[in-house]
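**Q** Provide a 3D model corresponding to the input given below.
(2 chains)
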Amino acid sequence: MSEGERLYTEHDPHPTLRPCGEVIEVDRSPARVLLVGRVMIIMITCVLVILLGRVVMLQTAPSPKIAELIDSQRSTQPLPGRRGMILDRRGRPLATTRVARKLFIDPMLIEDYSTFAEKVGYGLDYDPVTIDMAIAAKPKSRYIVLDKRLSDQRVDALKDLTLPGLATDPIVVRDYPQGRLAGQVIGFVGMDGNGLAGLEQVFDKRLAATAGKVRYLRDRQGRALWVEQQSYTKQTDGENIRLTIDAVIQSFAEKGLAEAVEHFNADSGQLVVMDPMTGELLAIANYPPFDPATFNKAKPEIQRNRVVTDVFEPGSIYKPIIWAGLTQLKAARSNEKIDTTTSGVYRTSKGRRLRDAHAHGLITWDEVLMYSSNIGMAIVAERVEPKDLYDIMTRFGFGKPTGSGLPGEIGGVVHPLNKWTHYSVTSVPMGQEVSVTPLQMIRAYSAIANGGILPTPTIVPIDYSDGAQYPQGPRVLQKDVADYTRSVLRRQVLEGGGQKADSDLYDLFGKTGTAQLPNFERGGYYQDQYVSSFIAGAPADAPRLIVGCFITKPDKSIGHYGGTVSAPTVMKVMEQSLMYLGVPPKSDADLSEHSLVLHQ
Amino acid sequence: MFTKLLTALVISVVIGASIFNLRQQRLELMHDVTDLQRQMNRDRQETWDTQVRIALRTQPDVLEDALVRAGMTMEPAVAQSIPHEVPQNPHMTNAHYERR
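**A** Sure thing, here's the model as predicted:
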């Protein structure tokens, strides 16, 4: 048997027949199949391993050419965090953050500069010549900023204007939607978004946001496919901060102050509204006003919150503080007659010559305050030790910051006892030789209003949920002395210099002040420059608000007395604010003459 | 043996196709999530803008002028308690994007 026959008979029951009849033998033994299979498996495995290796290589260390191609399909986008809002006590935003648009031009995509400039100029209300010149100056640039921040009107107009080479970029900006309202208090942020002044600076850490970022893989058209692994960093928003300021009361205060300053052609002014029970500051107005949005154009002195940063010699509005302190010391009885002379001139025991604006003769201790008699105050002050006067001043918090938390607050000047002269004992009771901030004065009057407790002014709302009772703070006057002082100050409004603050709606108590400005160059005082002030509280029986107005350098030819310049403004702001707060007017009040305020 | 190999091949193909399909679904989901994330950011920024626009239109002066023009008479506000809690931004926190 031939070899072929052997194979045919032993191994292949179905030999393949060629057309010529020749038998082809195929080795289909299990061993060979296994061998072929193994070889194929090994080959396929090798191919797969090579492919896998290539994938790994492309993923981890692609060639520069491929890496460039991959990178061109990736883009990192920042995720802006939002700086916290500053809100008023009812949640109205005073400072907030939004995304605005920056308009830019890519000259490389523009065919005809002049036509482009005209279309953009007329479409978005710009000067076409300026646009043309900007492009001509940098024709090879790909990014010429035309407007750093588009107005809302222009953003709307841009929707109808599609031009090659004209595009916008988002920018995060700080906005002050209430405009100049409480501008000096709010402050402002710099270009990098950090607080530079006011409460923006004080609360910077709490307000600050952290930007995040995300990296997208994009398709050929630049559309985002998905966020790449390990390339998402979450943004963190800043904390919203609520203030005690009420935007509506602030608006009353600023309008009233502006009217007064402009009417009396004065240099500047401040007006403060405070809750005497809690110390919450409801309005802090400064004139001239300041717009935080354009802080770089404003003079530095306008940017200051002068309610806490500037001091002045208070003059007669200081008398109630000393009067109450002397009354508590029993230096004089309320009905005790004091001889303030019929000439209005008095020489003190130390030889100092004092004058009253009007001669009052023999008047009671109450009337000394009602008529604001310098002589009467000096006579009684000489009955106590200088240390007693000094104690009264420091007890009311003069000479140190109030702790309001407002930036730049100073403590004013109370000279130490060893610096006092023979004149000091008679100067201090009429508000001389002492420098105070408007906020210190408002705070001191709050103690008279609330029964003798000196509250700490605050710009951050108080948490009432803990059930704490107010007022809180050190007691500076006995309750009966505080209440009695308030009743005498009520008479000051009814019969004394504060009559222009006698409201039809609410019973006000208060005190006027007309302090000459000190002349630091020549010494002494200017004869024609004043701080005209008035501080009042209302309603007299249960005070809800203290309002103080301080106007610097009013035009003497129009008026300069505190009772003329500041009292009407205080009354108006007080009426508006109390009505807004829903405090019932006097039962016999005629409301028909008064327009009621907003209900928000 | 051939049947076994064929079966193994078919199973491998099926598994491969399934894995590929799952990967495709995952990519589509990632794309959808990315779209949602971008939409959320746009909405978030639109909310900021809307808040500003509302604030501009509800300034005390603007409201007062509007009321005067409308000839409306307002009543004094009723004293109301003011909650101490400050409302924080009501937007989403992106927490579901955070890698756990």
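**Q** low-confidence stretches in chain B?
**A** When residues are selected by pLDDT under 70, those of chain B lie in B:73-100.
**Q** report pLDDT for residue A:500.
**A** Listed pLDDT for residue A:500 reads 94.
**Q** wait, a strand at it?
**A** No - counting by DSSP: H, G, I helix; E, B strand; the rest coil, residue A:500 is not part of a strand but helix.
**Q** so it touches residue A:565, yeah?
**A** No - applying CB atoms under 8 Å, one finds residue A:500 not in contact with residue A:565, separated by 9.4 Å. C-beta here means a position set from N, CA and C on the backbone, and glycine is covered the same way.
**Q** so for those two, which sits in the more crowded spot?
**A** residue A:565 (30 against 19; other CB atoms under 10 Å in any protein chain shown).
**Q** that one reaches residue A:259, doesn't it?
**A** No - using CB under 8 Å, residue A:565 is not in contact with residue A:259, being 11.3 Å away.
**Q** of all residues in chain B, which one is nearest the centre?
**A** Nearest to the geometric centre of chain B sits residue B:40, at 3.4 Å (CA atoms, centre = their mean).
**Q** can I assume that residue sits in a strand?
**A** No - the assignment for residue B:40 (three-state DSSP) gives helix, which keeps it out of a strand.
**Q** ok, it to residue A:454 distance?
**A** Distance of residue B:40 to residue A:454, computed by CB to CB, to the nearest Å: 50 Å.
**Q** can you list the residues of the stretch 51-200 of chain A near chain B?
**A** Counting by CB under 8 Å from any CB of the partner chain, the residues of the stretch 51-200 of chain A close to chain B are A:79-80, A:82, A:85, A:87, A:89-93, A:96-99, A:152, A:170, A:175, A:177-179, A:181.
**Q** out of those, which sit inside strands?
**A** A:79, A:87, A:93, A:96-99, A:170, A:175 (DSSP state E).
**Q** buried ones among those?
**A** When those are checked for burial by 16 or more other CB atoms under 10 Å in any protein chain shown, the buried set is A:79, A:87, A:93, A:96-99, A:175.
**Q** was I right about residue A:209 contacting residue A:83?
**A** Yes - counting by CB under 8 Å, residue A:209 touches residue A:83, with 4.9 Å between them.
**Q** shared neighbours, those two?
**A** Common contact partners of residue A:209 and residue A:83 (CB atoms under 8 Å, 6 or more residues apart in numbering or on different chains): A:97, A:193, A:237-238.
**Q** can you count the residues close to residue B:65?
**A** Residues near residue B:65, counting by other CB under 10 Å, number 11.
**Q** send me the host helix or strand of it as PDB with only the CA atoms.
**A** Assigned by DSSP states H and E, residue B:65 falls within helix B:60-70. The C-alpha coordinates for helix B:60-70 follow below in PDB (Å, rounded to 0.1, in the frame of the first residue of the first chain):
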ATOM      1  CA  PRO B  60     -37.300 102.700  46.900                       C
ATOM      2  CA  ASP B  61     -37.200 105.700  44.600                       C
ATOM      3  CA  VAL B  62     -38.300 103.800  41.600                       C
ATOM      4  CA  LEU B  63     -41.200 102.200  43.400                       C
ATOM      5  CA  GLU B  64     -42.200 105.500  44.900                       C
ATOM      6  CA  ASP B  65     -42.300 107.100  41.500                       C
ATOM      7  CA  ALA B  66     -44.200 104.200  40.000                       C
ATOM      8  CA  LEU B  67     -46.800 104.400  42.800                       C
ATOM      9  CA  VAL B  68     -47.100 108.200  42.400                       C
ATOM     10  CA  ARG B  69     -47.700 107.700  38.700                       C
ATOM     11  CA  ALA B  70     -50.200 105.100  39.300                       C
END
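**Q** which one of residue A:209 and residue A:83 is surrounded by more residues?
**A** residue A:83 (25 against 19).
**Q** chain B contacts on the stretch 401-550 of chain A?
**A** A:461-465.
**Q** kindly recompute the last result at 7 Å.
**A** Those residues of the stretch 401-550 of chain A that sit near chain B, judged by CB under 7 Å from any CB of the partner chain, are A:461, A:463-465.
**Q** OK, contacts around residue A:540?
**A** Applying CB atoms under 7 Å, 6 or more residues apart in numbering or on different chains to residue A:540 gives the contacts A:486, A:490, A:507-509.
**Q** and which of those residues is nearest residue A:244?
**A** residue A:508 (22.1 Å; CB to CB).
**Q** how close does that closest one get to chain B?
**A** Remark: distance between residue A:508 and chain B (CB to the nearest CB, to the nearest Å) = 18 Å.
**Q** surely that residue touches residue A:499?
**A** No - in this structure residue A:508 lies outside contact range of residue A:499 using CB atoms under 7 Å: 10.4 Å.
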